[in-house]
Every structure is written in C-alpha cells, then in structure tokens.
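1. For reference, the sequence and a predicted model appear below.
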Amino acid sequence: MTIEKTIADPKRLADESRFYARLLAGIPSPMPPIIEWAEANVRLNGAKGEMFRIDNTPWTRLPIELCFDPEIREVTLVKPTRTGGSAAGHVVICGWSKTAMGQIQYNWPTDKKAADMWEKELENIFKRSLKISPEQKGLIKLPNCIISVQGVFAEGNLDSDTIPNQVNEEVHAWERGMLAKAYGRGDACDFPIRFNISNAGMEGDQLHQAFKDGTMRQWEVECPGCKKFHVMRVRWDERHPELGGLWYDYDHAKRADGSYDYNVIAKTIRYKMPCGHEVPDDITVRRALSAGGRYSEPFNTGARPGVESMTYQAVACHTMDWVGIIKRRNNALLARRFGDEDSYRKYVQEVECEFYSGDKIPFQGAVVLTSGAIINRTGLENEIGKIWAADWQQGFKHLGELTHYWLVIESVLANCSSQVIFADKVADEGELLTVLRQHGITGDDGGGLCDGFVDASKNTKHILSFCYRSGVNAVVGGDVGQKGFRWPDGSNQYYAMKKFIYKELNMPPKFEMILTREGYVEDPAEPFIIRYNKAGLLKNHFFIREMKPNVLAANPQATPEHYIERIVPGDIGEDYLKHHAAWERDLTAKGVKKMGEVEGFKQIARGDHLMSCSTYIDLMKDLTGLLGNRLAQLGIERSTQTEGNHENA
C-alpha cells in the first residue's frame, strides 16, 4: 500500500488516537477528507474561478493530506514552476480555516510579493472558497482563526504572536535565516505545522537543508512496459540508459548552424524508461501515468518523525510541454556557454527542480591542454598579431624574491582564437622588453607594443612612467560596484573609457598629435590606461575560456568554426595551470568587502598572476572589437548587464 493511500484512508483519519490528539490540540473535529472537501469547495483564481481537481495535479495529494495529519510537523514540497504548488498552498490555507485554532500565517519573500499575490489571486480565492469578504487587505478574521498574508523580510513580521499554522511560499528567495525564524513562531505550540512550497534554490541554502531534513521522497510513476515504478528525469544520457530520460532525434533536429528544428523534436520526442519502454508525448498516456503515480519510500530514512519532504521534475507532469522543456534547456545551455549563467541556473532550479551548485555547470573552467602544441616564439600560421600582458610583483623577501613581472604572450587569429606562446616570470622591465622583441613585438612601427597591458594597480607611478617611456598601455582595477562604468551612450560596461597616460603624468604626448576634421587627436599608438571592474573582467575571461569545452559538451562534432578557443600547449608548465586554477565560479559570492571575492567568483589560491595576464589579454580582445566581431559571426548578441558585466546572451 502506498503512503498516499495510507494517509488518505478515512478509517485512519478516524483512528481513536488521532481523535484525542485533536481534542488535546483544541482543534475542531475533522471535516471530510481534505481532498474530497477541497474539490467541493475550493475555487482557484482562473477566469471562471474553476474548482480544484486533484487529477490535474495528483503529485500535490500527499503534501496536502500531510498538512492535516496531527502527527506531521513539517512538509517541504520542492516542485517545478507552474505545476500546482501554489494551488496546494491555497487548498491547505482554506482547509485550515475550517479546522485550525489560532493564527494561520501565509508567508511570502517580501511584503510587495504578498500584496501582489493578494491582489492577483488570494483575495478572490478566499472570497469564492470560504464565502467571506475580507475586511482588510492581507487579513482574514474568522471565528476560530486569523489568516495573515505577509512578507518575511519586513521587520516584525516574524517576531510577533505564536503561530501554530504556516504556509511558506517561494522559500528559495528568502533571506538567510528567515526560515528558522519563521519556525520559531511555533515553539510554544503543542502541534505546530509548517508547509514549505518552493522551486529549488542553491545547494546548501535553508530550503535545501529543510528538504534534506525531511524524508526526501521522489514522485514515481508506474511504467506501462515493466510495471515497475520509476522516477522521471529530464536528462537522457546515452552512457546511462538505466536512468531513463527525455529523448528526441538529436542528429536530425540539430541544424548545421547549431540551432534546432523543433518540428523534428516534436515528431520524435518520447520518454525512455529505465527498462527501455518508450512513452509517447500523448496526453492520454501521460495523464494515465500521473494518475497512477505515487511518492517513493523515504530516501532519507533518518528523518525525524513528522518531518516530510518531497520533489519531482517537470517532465513527470502531464501538464508540462515536453518540447517546451527541451527548448528551454537548449536555450539555457546556449546562454550558459556564452556567459549567461543565470538562465541556466533558473532552468535547473525551475524545471529539473535540483538545487544548484558548481557541479551543475557543464564545464567549471579548468584549463584544457592541447597535446602537440608547444611553446614557441613564432606563433600561429595565420595570426593577425600578438597580444600580451604583464603583472608586476613586489616579491617576497622570505622567499628570496626580488621585484619581477609575470608575462603572457598570445598569438591571435582573426576569429579571436589564440595560442599561448609565452607564459613565465621575467626579472625587470629590461627583460620584459627583450622577451617581447624576441617574439616579434617591437613597436618600431608604432604597433605591437600597444597591443599589450601592464597591470599598474600596484607601484602605480613607477609603472605608468615605464609605460609612457616604452609606449605600453596600463590597466588598473577599481571597485565600482555592480553597475560598472557609465559610458556616454548611457550603457554600463565592465571597463571605463581609456585615459591617456601622458595626461595622468602631466607630460606631453608620447607621439605627435594627428590633425583631423574634429581637431587634433592622439596617435593610435599613444599609451593609455584602462580601469576595469574585477567581476566583469573575470566573467569575460571565463566566457572565452569555457566556450570550446561547453560547445563540445553539447555537440561533440562541433569544429573551430563554432567556438572561440585558447590553445594551451602541453608543455605550458605548472605555474600557468596553478595560476589559472586560483579562481572559480561561485554564485554565492557577492564581493561585499571580502578579500578574494567578487560578484560571482571566488579566489581559492593566492597565486593568480598568469591568469590575471590572461584576463587582460581577453580585455584587449574585447576592446579592439575582435571578440564582438567573432560573436556577431557566431550569431551571438552582445548586451550590457546592469551589474556592469558584459553578458554574451
């Protein structure tokens, strides 16, 4: 017998121990089984106020019923968006209004969200279902209880009276610590009950902890082929057919330009069960699967009695469009490959209903070595030039180090791909210029040297003087907040407009000014300084660095025509690899006065100098238009984020 049938059994609801438990709790005698009552009384907020029907969302039966079991203290439903989770909360609130004594709290992330939901849905639902007219916005007073609809961020909203009954919505968006604070309102109650409803959040957050504390049940359906129950998941993996997944004819659906023919997908899509049985995208068949579904036995057998949690993926719901799921996944993966990690994160959380973390990212950004390629001075055969960057270091006395530079030189192609041809330490400015000359970067024609940067964030005056004398550009970091730098066109960029070094040093121009129709302007080789935002600089670098592995992960047959790559020779040396492993993506990093942390990235090792040089090279690719031109060829639109980071979406 499944757990739903056990809990929904009227005989069990009428069990003598439960009856006395309700009397002790001061709760009125139970009404008819909650699902039966809800189908007869609860009107949802559709155009016609349609009645609640459990066969539309059978995966909500168990969490609803558990909320009316006096032995249950917590129910956490982690569900995909648009699959009836909020409707389950409405049913529970309406049912509690008939059975509960004391306050019922309906909590949303903010007061604004609570007010919006009251206006759009909740007031009408309560009017139609409970046959009442609320006297006050967000507040319903009944003879046996009071229902309050509120946000949890507002001061005092979770600090008032004892609350025996709570429905907590969109917990993934709650501020840290608020769920425990909400739970605390029931400490003085004999029989408190909390119903948490949300799509998945971040791995390790308060919602994830509540889910792991519970039974962690999975929705499963009976396979028409083998007659066994299986958990349905979106991702089909040819290497692990025993897991099942959503399948379509990838080879015929994928076009030469990397886009998809969704008509082909619609004709070929099916769900492959772990046993091999294939389920067509037929509403009758899929509805039958849902009707026969159930929640599994607990995955967490160590959950405390009365603490329940459950989840399912959107693919298991007959109300969800399978082709729409595939389309959103493909678009999210494409956006992720080109810098928009937020779209991919939301897809994972809202469709696959998994808590997001770094291991959900297809490629985490490790440097991939190219066998056969070696460090050389010549560069690539069809290079259009070389871009370089240097990072000055004070040196550590206890390590016997003097001041020095880290230097990276790359040979660059017209398609923005490049190969590292030098990555090492040089002793001083003299050796730096010598190594550049050895690699054909002379500046004799006014070019070459100006295709590079020296980091002037430290020892600034000395380095700017060196750059001015040598005809070299400089970069300097700056904390400008999430909005970045405002440009004359009104956009925000992760780097500021360039300033000429001669003006910073109060010196005459390095090169003669050029007369134009607009007057005298600086020579293109005139050394300049660029100020950048660290988060945007890293995002641009990781975008370029991860593009090839991510494209190949989605399409192993992809060629260099489909991506930008940085060729890293196999004999690059350990310093390069270590420095490039010094930073990693971290969506929890906000960069609020924390050393080694900026928005979206976290430093995990001290030495990052060669990676810093690579980020400046990538900045030059962006600044010169190489990156933008290549993205246009790939059909990728450049946009500017409000956080001040270039986003390739």
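-> Perfect, I can see it now. All figures in this text were calculated on a predicted structure; none of them were measured in a lab.

2. Only C-alpha atoms from now on, for both contacts and neighbour counts.
-> OK.

3. Report the residue ranges of every domain in the chain.
-> The record, using automatic domain parsing to delimit domains, assigns the chain the ranges 322-362, 369-648.

4. Dump these to CSV, plus mean neighbour count and mean pLDDT.
-> As requested, the domains of the chain are exported to CSV (neighbours: other Cα atoms under 10 Å; pLDDT from 0 to 100):
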stretch, mean neighbour count, mean pLDDT
domain 322-362, 20, 83
domain 369-648, 18, 86
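
5. Out of these, which is closest to residue 111?
-> Each of the domains of the chain has some distance to residue 111 by Cα to Cα; the shortest is domain 322-362, at 22.8 Å.

6. What residues does the residue positioned nearest the centre of the chain make contact with?
-> Nearest residue to the geometric centre of the chain (Cα atoms, centre = their mean): residue 345, 2.7 Å. For residue 345, the contacting residues are residue 356, by Cα atoms under 8 Å, 6 or more residues apart in numbering.

7. now it: how far from residue 113?
-> Applying Cα to Cα, to the nearest Å, the value for residue 345 to residue 113 is 22 Å.

8. Show the average pLDDT along stretch 199-219.
-> For stretch 199-219, the mean per-residue pLDDT is 96.

9. got the CA coordinates for that stretch in CSV?
-> Output for stretch 199-219, consisting of C-alpha atoms alone and laid out as CSV, is shown next (Å, rounded to 0.1, in the frame of the first residue of the first chain):
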residue,chain,number,x,y,z
ASN,A,199,11.1,25.6,-6.5
ALA,A,200,14.7,24.6,-5.8
GLY,A,201,17.3,27.1,-4.6
MET,A,202,21.0,26.9,-4.1
GLU,A,203,22.7,23.8,-2.8
GLY,A,204,23.2,24.2,1.0
ASP,A,205,20.7,27.0,1.5
GLN,A,206,18.0,26.9,4.2
LEU,A,207,15.4,25.4,1.8
HIS,A,208,17.9,22.7,0.8
GLN,A,209,18.5,21.9,4.5
ALA,A,210,14.8,21.7,5.2
PHE,A,211,14.4,19.3,2.2
LYS,A,212,17.4,17.1,3.4
ASP,A,213,16.0,17.1,7.0
GLY,A,214,12.8,15.6,5.6
THR,A,215,12.1,12.2,4.1
MET,A,216,13.2,13.3,0.6
ARG,A,217,10.5,11.3,-1.3
GLN,A,218,10.6,11.3,-5.1
TRP,A,219,7.5,11.2,-7.3
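
10. number of nearby residues for residue 118?
-> For residue 118, the tally of surrounding residues (other Cα atoms under 10 Å) stands at 19.

11. thinking again about what came up before, out of the domains of the chain, which gets nearest to residue 314?
-> Smallest distance to residue 314 across the domains of the chain (Cα to Cα): 5.3 Å, for domain 322-362.

12. what's the first-to-last distance across stretch 377-384?
-> Stretch 377-384 end-to-end distance (Cα to Cα) = 15 Å.

13. ok, and what's touching that stretch?
-> Contacts of stretch 377-384 from elsewhere in the structure, counted by Cα under 8 Å, 6+ apart, are 410-414, 418-419, 421-422, 438-440.

14. taking those residues one by one, which sit in strands?
-> Assigned to strands by DSSP state E, the following of the contacts of stretch 377-384 qualify: 410-412, 418-419, 421-422.

15. which residues touch stretch 166-184?
-> Contacts to stretch 166-184, defined as Cα under 8 Å, 6+ apart, come from residues 86, 89, 93, 104-109, 152-153, 158, 193-202, 205-207.

16. what does stretch 251-265 give?
-> Contacts of stretch 251-265 from elsewhere in the structure, counted by Cα under 8 Å, 6+ apart, are 248-250, 323, 327, 562.

17. Give me the distance from the longest helix seen in the chain to the chain's centre.
-> Using DSSP state H to define each element, the chain has its longest helix at helix 534-554. For helix 534-554, the gap between its own C-alpha mean and the chain's C-alpha mean amounts to 15 Å (Cα atoms, centre = their mean, to the nearest Å).
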